[in-house]
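>>> whatever this is, show me its structure:
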Amino acid sequence: MWVTSSTNQVLKPNAIALGNFDGIHRGHQQVLQPILHYVNHITDRDIPTPTLVSFNPHPQEFFTGVTKKLLTPLPEKIQQLERLGIQQLVLLPFDNTFAQFPPQEFVAKILVEQLQVSFISVGEDFRFGHQRAGTAKDLKAIASQFGVEVSIASLETTPKNNHEKQIRISSSHLRTALQKGDIPLANRLLGRAYSLTGKVVQGTRLGSKIGFPTANLQIPPNKFLPKRGVYLVRVTPTQNWGVMNVGCRPTVDGQTTTVEVHLLDWYKNLYGKTLTASLYRFMRPEQKFSSLEALKATIAEDCQLARTLFQSNFTNNSTY
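All right, here's what the predicted structure looks like:
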């Protein structure tokens, strides 16, 4: 994938999806599909590059001054976009000058003149230009003046629970589901399992001392973490199921949040390896135990529950 923040270095011409796309969830994927379809059916002129045009920093961060934890930090976002067939990511610098662009000028100067766009896809709720004055319908009307087609994707929904109540697929609902430990809902919103990726680094070796060695994952500091507690996870590239703890280890007075995975039926050294833990179930909240023996007994119960869960419910790895 070609990644750039300079419009002078952009591959042209372009078929673009516009938006921030944190998470690359099922709603985002519906916005990306039209540009891939458009590119695949071009036969009479230069084939445009399927491109995601986003903003850095996130406009919300720029206006509030508050840094957002990301569902998909940049390396992860690139990986997911490549998997879907996107070939270019353009991160437009969002500053005071950019924030002042009226909708008409944004389309004419940025999209048409600098990016040489031939096709645009956005979500139904897309807003752009000074004070978010432009709507998706405005974009379609303005772009048509330049002979550029705009596809507007409808908002996607998914069942929230067993009662089939529908919930809109959005990054905010995804964050809420993760904060509550509702992993089945989070994974339905994503269309895949939410995952944490990190290099295995040296920890306190407490797990080894009590008979349950763990891989201590160095997670990117801007990665959005789920609710503190214990999770059933599938770990790659080892292809093992495991039990993951997200928390500060209150039993031993831990001061910082750590992500540690105990891989079931794994006995090899993992230091220095990069692992991805895909979340499938929240098993229990973080808790402080009266002794290491009590902690050890509960971890043993966690491992047994994990085996029961994946053997009965997750023989098919795509089950959410």
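
>>> any idea how far residue 62 is from residue 286?
34 Å (C-beta to C-beta, to the nearest Å). Backbone N, C-alpha and C define where each C-beta goes, glycine included.

>>> er, residue 13 actually
Here residue 13 is placed at a distance of 51 Å from residue 286 (C-beta to C-beta).

>>> report the buried residues of stretch 125-144.
Neighbour-count burial for stretch 125-144 flags 126, 127, 128, 129, 134, 135, 136, 138, 139, 140, 142, 143 (criterion: 16 or more other C-beta atoms under 10 Å).

>>> which pair of those residues spans the longest distance?
The most widely separated members of those, counting by C-beta to C-beta, are 127 and 143 (15.1 Å).

>>> list the contacts of stretch 120-136.
Defining contact as C-beta atoms under 8 Å, 6 or more residues apart in numbering, one finds that stretch 120-136 is touched by 15-19, 27, 30-35, 99-106, 111, 139, 142-143, 148-155.

>>> so in the chain, where's the weakest helix or strand by average pLDDT?
Every helix and strand of the chain was ranked by mean pLDDT, DSSP states H and E. The lowest is helix 206-209, at a mean of 66.

>>> how long is stretch 58-74 end to end?
Length of stretch 58-74, first residue to last, C-alpha to C-alpha, to the nearest Å: 12 Å.

>>> what does it rub up against?
Stretch 58-74 has contacts (C-beta under 8 Å, 6+ apart) with 3, 20-25, 77, 80, 94-95, 99, 171, 174-175, 194, 220, 222-225.

>>> re the thing from before, for the buried residues of stretch 125-144, which one is nearest residue 202?
Looking across the buried residues of stretch 125-144 and measuring by C-beta to C-beta, the closest to residue 202 is residue 126, at 45.4 Å.

>>> return the set of buried residues in stretch 111-121.
Residues of stretch 111-121 classed as buried: 111, 112, 114, 115, 116, 117, 118, 119, 120, 121 (neighbour count, 16+ other C-beta under 10 Å).

>>> residue 232 reaches residue 308, doesn't it?
No - if you go by C-beta atoms under 8 Å, residue 232 and residue 308 don't touch, sitting 9.8 Å apart.

>>> returning to that earlier point: with distance to residue 53 and pLDDT added, can I get the buried residues of stretch 125-144 in CSV?
Formatted as CSV, the buried residues of stretch 125-144 follow (distance: C-beta to C-beta, whole Å; pLDDT from 0 to 100):
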residue, distance to residue 53, pLDDT
126, 12, 95
127, 15, 94
128, 11, 93
129, 14, 92
134, 15, 95
135, 17, 97
136, 15, 97
138, 17, 97
139, 12, 98
140, 16, 98
142, 16, 98
143, 13, 98
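
>>> go through the residues you listed and flag which are in helices.
The members of those that map onto helices under DSSP state H are 136, 138, 139, 140, 142, 143.

>>> quick check: chain neighbours aside, which residue is closest to the fifth one?
The shortest distance from residue 142 to any residue other than its chain neighbours is 4.6 Å, reached at residue 107 (C-beta to C-beta, 6 or more residues apart in numbering).
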